[in-house]
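K.L.:
Predicted structure and sequence below. I'll ask about it afterward.
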Amino acid sequence: MKGFLGFVAVILVAILLVGLIFKPLPVETRVVVNGEGYFNPYCHGETRYERWSAIESARLCQPVLIVNKEGVIRKGGDYQASFLNGAYRVVLEEGKEILWVKMEDLEKVK
């Protein structure tokens, strides 16, 4: 029993530390995008294969390459649902395109 409680305590501490380290960027944060964006939020992660067949996924999830463009993170869709495997809804300044971009492809404007 002690081993089980110790295991649970370690897991809870790990979850707390991950929550402190990986804080999501808040809505209205200005970012620079360098990477790929998608018009559909479900194109990120394995969810796309649960929703669509491989052929549909390839057709619906064509990435858009974005290089050094500024935008603003906006709330929308499943923004609060674990950020869809780390994806944010970004409204780009030029053309007002709305794309879902992976967290690692964003850099906060200082």
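P.N.:
Noted; the coordinates are in hand.
K.L.:
Give me the neighbour count for the nearest residue to residue 44 once chain neighbours are set aside.
P.N.:
Excluding its sequence neighbours, the residue lying closest to residue 44 (C-beta to C-beta, 6 or more residues apart in numbering) is residue 87, at 4.3 Å. Just so you know, the C-beta spots here come from the backbone N, C-alpha and C atoms, and that holds for glycine as well. Residues lying near residue 87 (other C-beta atoms under 10 Å) number 25.
K.L.:
For residue 87, give the beta-bridge partners.
P.N.:
Residue 87 has these beta-bridge partners by DSSP bridges: residue 102.
K.L.:
in terms of contact, does it touch residue 104 like I think?
P.N.:
No. Under the criterion of C-beta atoms under 8 Å, residue 87 makes no contact with residue 104, lying 10.1 Å away.
K.L.:
Model confidence at the spatially most central residue of the chain, what's the number?
P.N.:
Centroid-nearest residue in the chain: residue 87, 1.3 Å away (criterion: C-alpha atoms, centre = their mean). What the model reports as pLDDT for residue 87 is 81.
K.L.:
what residues are up against it?
P.N.:
38, 41, 44, 45, 100, 101, 102, 103 (C-beta atoms under 8 Å, 6 or more residues apart in numbering).
K.L.:
gap between it and residue 39?
P.N.:
12 Å (C-beta to C-beta, to the nearest Å).
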